[in-house]
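Trainee: coords below, sequence missing:
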C-alpha cells in the first residue's frame, strides 16, 4: 500500500486530499485500487506518509508490530478501510471470502494423486477437439469419456484393459474428467473399444484436419513406412495374425503388419493394419488409396518410401496417382554404380547434425553425388555411420550363416541326415534365411562322398565390403539436387520414430487381444495417443524447447491433486480438493505449452459435526 495525493481547485483555492491505495492484478495488468480516503495530511513529510501507510497495511493484515503504540488515527483509518471493503464484498458480483477457525493439530492431507501428465494430455485433447470429434462419430457421453481416458492411459502409463481402471483410480484423471470410476471394470472398456472400431477412419480424418489448421502443417511430403507387432498366444480367432518377417526379432510369434503415413513434421496422416505375412511392396497402392480417401492430397505431392517398396510396380502406382516419389533404391542396384563409389571424386560433403529431439546423436559425414538416369535423378550417398552399420549387419548375418552351415555339415558327416533331397532342401532354406550374404557363399553336396562343402566367393564378398555405407536415392523430381533428395529422404526417420514411440512408451506391443476388431482398435488407440505426443513435442519445439514427452511426463509427475482436511473449531469438517502449488519447473512447462497451471478448479465440501461423528 501507499499514499497518493490528489488536488482539486475551486475558484482560487486548492484542496488537497490523500488516498490510501493498493496495487491489484487484473486481466489487463496491474491497477491501483483505492482503500480509503485519508483527508488532508499536511503538514506531514513524505516519510511520515509512508510510515502511516505501512502501519495501516500491517493492521489490515493482522500483523501489527509489537512495539507500535496505540494510534487512534491508524485505528480510524483501518475502520474506514474495513467498512469500504465490506461494502465491496456485499456487492452481488464480488467474491466472498470464507473465514474458518481451524483446529491446526487436526489438519490432514488425503487422496494425493499425480495429475501433471494427465493435465497436459487432457489440455491437448481439448486443443485438438478430440472429445468433439468423438461426439460427431456418435459415441455416447460416457463412452466418449472412457475413450479419452483410455487414450490418456496409453500416453501416460500404458496398461491392459484389465489393469486400466485401477490406474485411473490411482491418478487424478477422474478429477480432471469429472468421472466416477469407482465401479469401472474392464468389460466397460472393451465395449468402448467395440464402439470405436467402426469409426476409426472418420475420427482419424477429422483429427488430421484439425491438426493441419492448428499447426499450419505441410501437405506436400508424405512419409510411409511399415512395422510388425507380435501377439502373445496363438490368436486363433484373428485371420490377420500370421507369421512373417518380424521387425521385433520374434519369428516364433504370430504378428500383424502396421502401415503408417506421417507428414514432414511427424504427425500421423493415416494408418492401416495388414496380415502378418504381408510384403511391404504389396501395400503401397492400397495405402495411397486409403490416404486419398481419408485426407485431401495435393496433386504433385511427394511420397517417400524405403527400399522394400521401391520396385518398378510401386513407383508406377505412385505416378498413376499424380504424385512424385523419393525412394531408396534396392540393394542390388548399387552394384551398377560400384566404380562411382570407389572414389570421393565428385561427391559433396554434408555434415549431418544431431536431431533436435535426439541431442545424444553423433555428428556424421555424408557424401552425396547427383546422377541422371532415364528421366530420374539419382543421389549416390556414402555415409560414415551407415558404413559401420552395414558392416556390422553383414558380419552378423555371415556369422550366423556359417554357424548354421557348420551344423548342417556335422549332421551330414555324422549320418543323421542322409536323404539327398532333404539335404538340398536344407541348403535352400539356409540360403533363403540369409539373403544379404548368401550370394557370396556356395553350399554344395557331393552325393558320392556324402560331404557338404561351403566355399566363399572372395570377389563378391570384396564387392560387398566396397559398398558398405553406400546407398542410392532415386526420384522422378528433377528440381532437386543430391543434397535436397538426401535431406527429404532422411525425413523418413520420423515415421521410424513414430513406430519407436508407439512400441515402447505407448506399449503397442505385445498384443494380448485375439479378436481382429479389438486388435485393430488397440493399435488405433496407440495412434491417437501418438497424435497427442507429437502435438505436445511440436508445441515445445515451436517455443525453442527440444524436450521429449518422456521428459515432460517425468517432470510433471509430482504435480498433484490432493484433498486438504480442515476440522473447524465447531466440530464441522471442511474438505478442499485442489491441485498443489506448481513448482518453478512445472510453471515453466505449462507456460511453454500455453496452458493453465491449475489442474482442477478448487472444490469445497462441508461435513457437519453430526455426519463427521457418525463416520
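Mentor: Cool, the structure landed. Just so it is clear, the structure is predicted and the values come from calculations on it, not from any experiment.
Trainee: C-alpha only now, for contacts and for neighbours.
Mentor: Fine.
Trainee: low-scoring stretches of the protein, by residue?
Mentor: 1-3, 10-11, 23-31, 35-75, 78, 80-98, 342, 352-363, 610-615 (pLDDT under 70).
Trainee: residue boundaries of the strands in the stretch 401-550 of the chain?
Mentor: 441-446, 451-456, 470-475 (DSSP state E, counting those that start in this stretch).
Trainee: typo on my end, it should be the stretch 51-200 of the chain
Mentor: Remark: strands assigned in the stretch 51-200 of the chain by DSSP E, counting those that start in this stretch are 108-114.
Trainee: can you state the direction angle for whichever helix in the chain runs longest and strand 441-446?
Mentor: Identified as the longest helix of the chain according to DSSP state H is helix 384-413. Put simply, helix 384-413 runs at 10 degrees to strand 441-446, going by axes from the mean of the first three to the mean of the last three CA atoms, to 10 degrees.
Trainee: Run through the neighbouring helices and strands of helix 384-413.
Mentor: Counting by 3 or more CA pairs under 8 Å, 6 or more residues apart in numbering; DSSP states H and E, the packing neighbours recorded for helix 384-413 are strand 364-373, helix 420-433, helix 435-438, strand 451-456.
Trainee: now the ones you listed as a markdown table including distance to residue 537?
Mentor: Below are those laid out as a markdown table (distance: least, CA to CA, whole Å):
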| stretch | distance to residue 537 |
| --- | --- |
| strand 364-373 | 25 |
| helix 420-433 | 40 |
| helix 435-438 | 38 |
| strand 451-456 | 50 |
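Trainee: Can you say which of the ones you listed is nearest to residue 519?
Mentor: Taking CA to CA, helix 420-433 is the member of those nearest to residue 519, at 29.2 Å.
Trainee: Can you get me a residue count around residue 108?
Mentor: Here the number of neighbours of residue 108 (other CA atoms under 10 Å) works out to 12.
Trainee: Contacts only, for it.
Mentor: Listed by CA atoms under 8 Å, 6 or more residues apart in numbering, the contact partners of residue 108 are 564, 565, 566.
Trainee: And these, which is closest to residue 463?
Mentor: Of all the contacts of residue 108, the one with the least separation from residue 463 (CA to CA) is residue 564, at 73.0 Å.
Trainee: I'd say the closest one and residue 109 touch.
Mentor: Yes - counting by CA atoms under 8 Å, residue 564 sits close enough to residue 109 to count as a contact (4.6 Å).
Trainee: With neighbour numbers in mind, choose between these two.
Mentor: When residue 564 and residue 109 are compared for neighbours, residue 564 comes out ahead with 18 against 13, by other CA under 10 Å.
Trainee: Please report the distance of the more buried one from residue 130.
Mentor: Between residue 564 and residue 130 the computed distance is 33 Å (CA to CA, to the nearest Å).
Trainee: who touches stretch 398-414?
Mentor: Where contact means CA under 8 Å, 6+ apart, the residues beyond stretch 398-414 that reach it are 417-418, 423, 426, 430-431, 434, 437-438, 450-454.
Trainee: and with 7 Å instead?
Mentor: Taking contacts as CA atoms under 7 Å, 6 or more residues apart in numbering, the residues outside stretch 398-414 that touch it are 417, 418, 434, 437, 451, 452.
Trainee: what number of residues lie near the nearest residue to the first one once chain neighbours are set aside?
Mentor: Translated: residue 417. Closest residue in space to residue 417, ignoring its immediate chain neighbours: residue 411 at 5.6 Å, by CA to CA, 6 or more residues apart in numbering. Close neighbours of residue 411, defined as other CA under 10 Å, add up to 15.
Trainee: Nearest the geometric middle of the protein, what residue?
Mentor: Centroid-nearest residue in the chain: residue 533, 1.7 Å away (criterion: CA atoms, centre = their mean).
Trainee: Let me see the contact set for that one.
Mentor: Contacts of residue 533 (CA under 7 Å, 6+ apart): residue 549.
Trainee: Please tell me how far the longest strand along the chain is from the chain's geometric centre.
Mentor: When secondary structure is assigned using DSSP state E, the longest strand within the chain turns out to be strand 13-26. Average the C-alpha atoms of strand 13-26, do the same for its chain, and the two points are 53 Å apart (CA atoms, centre = their mean, to the nearest Å).
Trainee: Quick check: neighbours of it in the sheet, parallel or antiparallel?
Mentor: Within its sheet, strand 13-26 is paired with strand 2-10 (antiparallel), strand 29-39 (antiparallel), according to DSSP bridges.
Trainee: quick one: buried residues of it?
Mentor: For strand 13-26, the neighbour count (16 or more other CA atoms under 10 Å) marks 18, 19, 20, 21, 22 as buried.
Trainee: Let's have those residues in TSV, adding distance to residue 155.
Mentor: Conversion of these to TSV gives the following (distance: CA to CA, whole Å):
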residue	distance to residue 155
18	59
19	55
20	53
21	49
22	46
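Trainee: Which segments of this protein make up each domain?
Mentor: Listed by automatic domain parsing, the domain ranges of the chain are 2-90, 104-110+554-614, 330-483.
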